[in-house]
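Undergrad: Sharing a model that was predicted from the sequence below.
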Protein chains: 2
Amino acid sequence: MPTTIIVGGVAGGASCAARLRRLDESRRIVIVERGPHVSFANCGLPYYVGDVIQDEAKLLVTTPESLISRFNLEVRVLTEAVAIDAAAKTLTLREVEGGREYQESYDELVLSPGAKPLRPALPGLDLPGVFTIRNVPDALRVRRFIDGHAQPDALRAVVVGGGFIGMEMAENLRLRGVAVELVEGGPQVMPPLDPDLARLIQGRMAEHQVGLHLHALLQGVEVSANGLRVRARRGETDLELTADLVVLAIGVQPENGLAKAAGCELGPRGHIVVDDHMRSSVPHIFAVGDAVQVRDAVSGAPTAVPLAGPANRQGRVAADVIAGRDGRSARFRGTQATAVLGAFGLIAASTGLSAKSCVAQGIAHATARLHPGDHVGYYPGAKPIHLQLVFDPHTRRVLGAQAVGEQGVDKRIDVIAMAIQMGATVDDLAEAELCYAPQFGAAKDAVNLAGMIAANHCDGLSPLARLEEVDPTRDVVVDVRPSGSSQPPCWAAVQSIPLTELRQRHRELPQDRPVYVLCNVGQTAHNATRMLRQYGIDARNLSGGERSLELLGGCG
Amino acid sequence: MPTTIIVGGVAGGASCAARLRRLDESRRIVIVERGPHVSFANCGLPYYVGDVIQDEAKLLVTTPESLISRFNLEVRVLTEAVAIDAAAKTLTLREVEGGREYQESYDELVLSPGAKPLRPALPGLDLPGVFTIRNVPDALRVRRFIDGHAQPDALRAVVVGGGFIGMEMAENLRLRGVAVELVEGGPQVMPPLDPDLARLIQGRMAEHQVGLHLHALLQGVEVSANGLRVRARRGETDLELTADLVVLAIGVQPENGLAKAAGCELGPRGHIVVDDHMRSSVPHIFAVGDAVQVRDAVSGAPTAVPLAGPANRQGRVAADVIAGRDGRSARFRGTQATAVLGAFGLIAASTGLSAKSCVAQGIAHATARLHPGDHVGYYPGAKPIHLQLVFDPHTRRVLGAQAVGEQGVDKRIDVIAMAIQMGATVDDLAEAELCYAPQFGAAKDAVNLAGMIAANHCDGLSPLARLEEVDPTRDVVVDVRPSGSSQPPCWAAVQSIPLTELRQRHRELPQDRPVYVLCNVGQTAHNATRMLRQYGIDARNLSGGERSLELLGGCG
């Protein structure tokens, strides 16, 4: 009877085992898991700390007993895989309790070891009160720490790292009443987002009394008179924060020890290199999940994305390959890094490439910024979606999108994710036929508008300009909003010609240089741009308008 | 200066005018509108009746003054177009107030007349208290009728018709406290939906004290001692309902008088036939919006879909053609009839073909039913999405989808709508990479699951069977749920072999005939089906499980 051993029983490993059993009743399938649980809800861990999820048992998606009785798996929890003999196709296992070691032979080995929190070599990170969040016991430790204090809202926490886990931990600690300071080494929270959208979240964090320290590099933690002292360096200055607990959420690194020792090829950041069939470079060894390097489905470049969805798909692919299937289901198409964060009343989501990742990779792109409502303004409760569409202005292909708002954000990013997957152009977005009733959207949905704006740019009808590239003291900027707007404009110096006067007054603008057109969000400016171009003026729409200018911090 | 006259200033007409102006500053553009308003929010009318939208002014998307000053349009409200001389290219206009008639010459004429509520030739439909809903004055009349009563919650209404407008009116009348009976001629409300999903809504209507009368054909309305008497016929029996107000929402018919008189070719139900460029059969006459016949983007068949999204797109297409542009933006790709209803706390949405429309059109298809949560069960507040995916089992192409639930429904239908637009297969849905955090979805999202279930069917791995086609007294059905389920099963007689015992007990099942596998929603049955097929049994998964069986009314 052929034997498949799967090391790691969470997302990718558990998916692989279940799919493999459904494809092959006769195979011996062994799951090895170092922790006490298989298939736990790792994405739920912060919410268990925050008491949003109240019952620890809810975090356990399935039990070893269920996997045994339903799928006839051999499940070895509290068992660590310590060595691979790839030539002999044997795996050495060690029981965590007791330390007994033994060997198992395999026909195929699937590595699903996951990624572990980065713990830089800095002083004090092993002190009591310094936590990382990877598994249920980790979450339980933080929760018990909080629960162990009579007044949780007298506690002070420092969260190190402003990515997904850091933000979710900050949010959930605030839900418990804990005072939170967040320390981030980079210039913004949520690195997948472009800076203007990240700034929206940062504003919200302030409203929720989260202290934010950007450009602040952790130096270490030490014990002080009244708690832990977290030291960071921000440029030339030192930052010291006092806390009762510290959560390290700096990032993760692939758990690659076993694969490396077995001779599997590793990528530049230590991820296990696999082909589209999830095969590592060592025969009969597959790898899936957070530890592997895969292909970015949009750019084609190697990438590593520690997300549950791709991990599950990869597990299924490995199962299909092992079971001898071919075709679509035995091939991983790559990842487009679709991800979402819910925190502080905002939703932030992204898929595909950001503008800054295009810049970093030298990919030709243009960006459309817009701020449509999640539903029509005449129906109560509409909230803006701050949306950014990244596209190739030559091929018109959609490359990526990101959005932040209070509602309807994940929907738009999911629609665009599907579009990107299918190789859609901006025209496809413009033509999309989406659900519309006043509560749910608009006859021209945010997705349609993004596509139309981008298409008008590609067509040269209404070229977009980036606010970052315009200097109102040097370039000609015309503000086409109605005069006497209640709010003073960001760029006070610019010329004002309301759209309604522009047909009479366009001769006031130069014909020999670009004229940048500004309004609140880009819609009035679009109308003005079209008009001016027909009068021979090289007008360009300042995409996103004053609303984006504010988010970019470019005001006054 | 070339002149374009647009008859009808709501969705399609207004979009056409604005786009045309952006493409051509030098053209004369005239909008003719019979009513007092241009570009009003017709999708909001029921919500104005329900006082969800409180301010009438909110219904006016734009004003004639704004169209004039921003777009340099000539706007003629309260003006009716009464005749076309296609040879002379002139249009006769009549001022509604005063009746003055005059002629305008056009180079291109765009008809955007919309559709009007059906008013069958039955007695009493002109009585005071009998309403239809098409425009702002209509909504105002109903609202004033309700507001004119000291105790609106003592009022009784009969809504005739269970489509979108009927359901929205029923919902909004209930919001005002009005007692509502709904009379529908067909076997279900919401004809675009398949019956099981419609039944979910019907159950909700009952919870909201809406009396529902299916198979009830309106015979007429008459004045009775204590209000209006609404008479309907249900099979052999008469139905009489007493009401203070009656809302006719039987459907709409294209406003085709002008086009017909001008010699435009009409479709079988009276819609103006247009090509992909929105050209009618008469030179220089275009038509857009609810009055036109277009192509179903999925089936290729002629169709007519009175929805705002397609109307807007059609208006833009006509503008691009008139302005001399070609390519994508000058071609209407057809409609896939994506639509959504929000009523009684439920969201019902659909896109593409339903199973019953496939049957009606003889289109090969299969259906996957599923009931996943809108987000993972371990995070609070998850609600089921009752989802149905229609696909071609041979080409694997996604043909349509519909869903009903409390949240996350429009998102999934929008994603599938985008997929259908791009020609996606079920494999593309299985591989979709969508936003996942515990509040928003699942690592295997509802869309992924639908794709996987369908792909497993297409592959012959886990063939789906339709509950409607199985008779538990004749066919072999095995219930694989754990024994001792709290709820008694729908089909009491079927054999029970829990999944966990099936490896030992599969020999109890016949090898010479199909074995239908039942569980709650189809997931345990999928595992069982895979197992049994490997043991040589022709197992088939009863798609949707007992949850769908209940919705089909197939229990007990």
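TA: Looks like it arrived, so ask away.
Undergrad: ok, how many other residues are close to A:Asn226?
TA: Neighbourhood size, A:Asn226 [other Cβ atoms under 10 Å in any protein chain shown]: 9. Backbone N, C-alpha and C define where each C-beta goes, glycine included.
Undergrad: Quick one, grab the pLDDT at it.
TA: pLDDT recorded at A:Asn226 is 91.
Undergrad: residue contacts, it?
TA: Residues near A:Asn226 by Cβ atoms under 8 Å, 6 or more residues apart in numbering or on different chains: A:Thr242.
Undergrad: Would you mind measuring from it to A:Thr242?
TA: Distance of A:Asn226 to A:Thr242, given as Cβ to Cβ, to the nearest Å: 6 Å.
Undergrad: hmm, the longest helix that chain A contains in reach of chain B?
TA: The residue-count maximum for a helix in chain A (DSSP state H) belongs to helix A:308-322. Yes. For helix A:308-322, a contact with chain B is found by Cβ under 8 Å from any Cβ of the partner chain, at A:Ala308, A:Gly309, A:Pro310, A:Ala311, A:Asn312, A:Arg313.
Undergrad: Switch those over to a markdown table; also include pLDDT.
TA: Putting the residues of helix A:308-322 next to chain B into a markdown table (pLDDT from 0 to 100) gives the following:
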| residue | pLDDT |
| --- | --- |
| A:Ala308 | 92 |
| A:Gly309 | 94 |
| A:Pro310 | 95 |
| A:Ala311 | 95 |
| A:Asn312 | 95 |
| A:Arg313 | 96 |
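Undergrad: can you confirm A:Arg505 is in a helix?
TA: Yes. Assignment of A:Arg505 by DSSP: H, G, I helix; E, B strand; the rest coil places it within a helix.
Undergrad: residues contacting it?
TA: A:Ile497.
Undergrad: Now that we're looking at it, what pLDDT does it have?
TA: For A:Arg505, the predicted pLDDT is 97.
Undergrad: Relative to A:Val480, how far out is it?
TA: Relative to A:Val480, and taking Cβ to Cβ, A:Arg505 is found at 10 Å.
Undergrad: what's the overlap in contacts for those two?
TA: Common contacts of A:Arg505 and A:Val480, defined by Cβ under 8 Å, 6+ apart, comprise A:Ile497.
Undergrad: Next one: the residue nearest to A:Glu25 when sequence neighbours are not counted, what pLDDT does it get?
TA: Distance criterion Cβ to Cβ, 6 or more residues apart in numbering or on different chains; nearest residue to A:Glu25, sequence neighbours excluded, is B:Gln534 at 4.2 Å. B:Gln534 carries a pLDDT value of 97.
Undergrad: residues near B:Gln534, how many?
TA: Neighbours of B:Gln534 (other Cβ under 10 Å): 16.
Undergrad: And it, how close does it get to B:Gly185?
TA: 49 Å.
Undergrad: how about the helices in the stretch 1-150 of chain A?
TA: With DSSP state H, counting those that start in this stretch as the criterion, the stretch 1-150 of chain A has helices at A:11-23, A:45-49, A:64-71, A:136-147.
Undergrad: Turn these into CSV, including distance to chain B.
TA: Shown next, in CSV, are the helices of the stretch 1-150 of chain A (distance: least, Cβ to the nearest Cβ, whole Å):
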stretch, distance to chain B
helix A:11-23, 4
helix A:45-49, 6
helix A:64-71, 4
helix A:136-147, 12
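Undergrad: Which one of those helices lies nearest to B:Ala343?
TA: Among these, the nearest to B:Ala343 by Cβ to Cβ is helix A:45-49 (31.5 Å).
Undergrad: other SSEs contacting that closest one?
TA: helix A:136-147, helix A:164-175 (3 or more Cβ pairs under 8 Å, 6 or more residues apart in numbering or on different chains; DSSP states H and E).
Undergrad: just those: most buried one?
TA: helix A:164-175 (a mean of 25; mean count of other Cβ atoms under 10 Å in any protein chain shown).
Undergrad: quick check: angle from that one to helix A:136-147?
TA: 30 degrees (axes from the mean of the first three to the mean of the last three Cα atoms, to 10 degrees).
Undergrad: okay, the following helix or strand past helix A:164-175 in PDB with CA atoms only?
TA: Following helix A:164-175 in sequence order, the next helix or strand is strand A:179-183 (DSSP states H and E). C-alpha atoms of strand A:179-183 as PDB (Å, rounded to 0.1, in the frame of the first residue of the first chain):
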ATOM      1  CA  ALA A 179      -3.800  50.700  25.600                       C
ATOM      2  CA  VAL A 180      -1.900  50.100  22.400                       C
ATOM      3  CA  GLU A 181       1.200  51.600  20.800                       C
ATOM      4  CA  LEU A 182       2.200  50.300  17.400                       C
ATOM      5  CA  VAL A 183       5.800  50.400  16.200                       C
END
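Undergrad: any idea how far the helix or strand just after strand A:179-183 is from the chain center?
TA: Downstream of strand A:179-183, the first helix or strand assigned by DSSP H and E is helix A:195-207. Distance of helix A:195-207 from the chain centroid (Cα atoms, centre = their mean, to the nearest Å) equals 15 Å.
Undergrad: May I have the beta-bridge partners of A:Glu80?
TA: A:Arg94 (DSSP bridges).
Undergrad: wait, it sits on A:Gly98?
TA: No. Judged on Cβ atoms under 8 Å, A:Glu80 makes no contact with A:Gly98 at a distance of 11.7 Å.
Undergrad: more neighbours, these two?
TA: More neighbours surround A:Glu80 than the other of A:Glu80 and A:Gly98, with 18 against 8 (other Cβ under 10 Å).
Undergrad: What segments of the stretch 351-500 of chain A are strands?
TA: Taking DSSP state E, counting those that start in this stretch, the strands of the stretch 351-500 of chain A run over residues A:366-370, A:385-391, A:398-405, A:464-465, A:476-479, A:495-496.
Undergrad: would you turn those strands into a markdown table with distance to chain B and mean neighbour count?
TA: Formatted as a markdown table, the strands of the stretch 351-500 of chain A follow (distance: least, Cβ to the nearest Cβ, whole Å; neighbours: other Cβ atoms under 10 Å in any protein chain shown):
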| stretch | distance to chain B | mean neighbour count |
| --- | --- | --- |
| strand A:366-370 | 16 | 25 |
| strand A:385-391 | 13 | 27 |
| strand A:398-405 | 10 | 28 |
| strand A:464-465 | 15 | 23 |
| strand A:476-479 | 16 | 24 |
| strand A:495-496 | 16 | 16 |
